[in-house]
Each structure stands twice: as structure tokens, then as C-alpha cells.
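Novice: my questions concern the predicted model and sequence given below.
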Amino acid sequence: MKPISKTGFTLIELIVVLFLIALATSIVFLNVKINKSLNSEEIFFKNFIELINKARVNSIVEEKNIQILINGNSRTVKISGEKKTLKIPTSITISAEKIISDGDNHIINFYSDGSSSGAILNVYGKNLKKNITIQKFNPQVIIKNAES
């Protein structure tokens, strides 16, 4: 008969290793979940700025007036005439000054000469505080951190 080998792992050692793996996995999962919720605001803001710039460029290239529609009830933003909408996360509030309102829609017009109807938008979230100024005659969007 061969003697029993002493080179294996004990049950206690295996349980400790599995516990450490489970602990590390839960820590990583919680960090990913927290970062994902924080990043949803940043992703929305980036897409919102891209949508504004796209509307301005398209109005010049296509030589026609284009509108951005911000709907407060459905919490969406879209370019008029397009099916694609940008959903506003529930953690974000957008307030506006000097903007055209038509019922639930708030409208920013972009004209073929590069000008716009202008607007000042305040975008606030849990970790996001930005001011967006869309100038009337200068084809520039100014983004600033909002003051607390």
C-alpha cells in the first residue's frame, strides 16, 4: 500500500480561498455599480453637448433651420425630424433661461447662417453641475462648471 500524500490542500484552506475570492468579487461589483451610476450623468452630458453641436453643424450644412426639443414630461432630448432621442437620467435636472417654450417642449433653434435662438441651460445631477450657454450670433457653445 502507498502512503497517503500530504501535499494537498485542507478543506479549511479551500474555504478561506473561496471566501477571499467572493469578498474581492463583491468589492469589485460594488465599485463598478457605483461608477456606472456616476458615469451615466457624464455620458448623458457628453451626448447632450454632441447633440447640440450636431444640430448647429447640420443647420449650416443642410442650409435649413433645425430645432433641439427638450421635453420635460417624457424627459427626452432630440433633434427635430430625427427618431433618435436622448433620455435624461432621473438624477439630472435641466433648467433653462432665455429659451423658447411650447407646452412641454423647450426649443432651441439653429439657423442656416450659424446663429441660434440662444439659451442658457443649467444641468444639475448628483455629481454634475454645468452651465451651457448657446450664443445667438457666435457659433459657439460655452460650457462652465456651475458655482455651488
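Specialist: Sure, I can see it. Residues are numbered from 1 along each chain as shown.
Novice: which ones are touching the closest residue to Lys126 other than its chain neighbours?
Specialist: Spatial nearest neighbour of Lys126, excluding adjacent residues (C-beta to C-beta, 6 or more residues apart in numbering): Ser91 at 5.1 Å. C-beta: built from backbone N, CA, C; applies to glycine. Counting by C-beta atoms under 8 Å, 6 or more residues apart in numbering, Ser91 makes contact with Ser37, Ser40, Glu41, Gly125, Lys126.
Novice: where's the third one relative to Lys126, distance?
Specialist: Distance of Glu41 to Lys126, given as C-beta to C-beta, to the nearest Å: 7 Å.
Novice: between these two, which one's more packed in?
Specialist: Set side by side, Glu41 and Lys126 show more neighbours around Glu41, with 19 against 12, by other C-beta atoms under 10 Å.
Novice: ok, the more buried one - contacts?
Specialist: With C-beta under 8 Å, 6+ apart, Glu41 has these contacts: Pro89, Ser91, Ile92, Gly125, Lys126, Asn127, Leu128.
Novice: what subset of those residues is buried?
Specialist: For the contacts of Glu41, a neighbour count by 16 or more other C-beta atoms under 10 Å gives the buried set as Pro89, Ile92, Gly125, Leu128.
Novice: hey, what's the closest residue to Ser116 other than its chain neighbours bridged with?
Specialist: Ranked by C-beta to C-beta, 6+ apart and with sequence neighbours excluded, the top spatial neighbour of Ser116 is Phe110, at 4.9 Å. Under DSSP bridges, the beta-bridge partners of Phe110 are Ile66, Ser116.
Novice: can you count the residues close to Phe110?
Specialist: Neighbourhood size, Phe110 [other C-beta under 10 Å]: 27.
Novice: ok, Ile52 next?
Specialist: By other C-beta under 10 Å, the residues close to Ile52 number 22.
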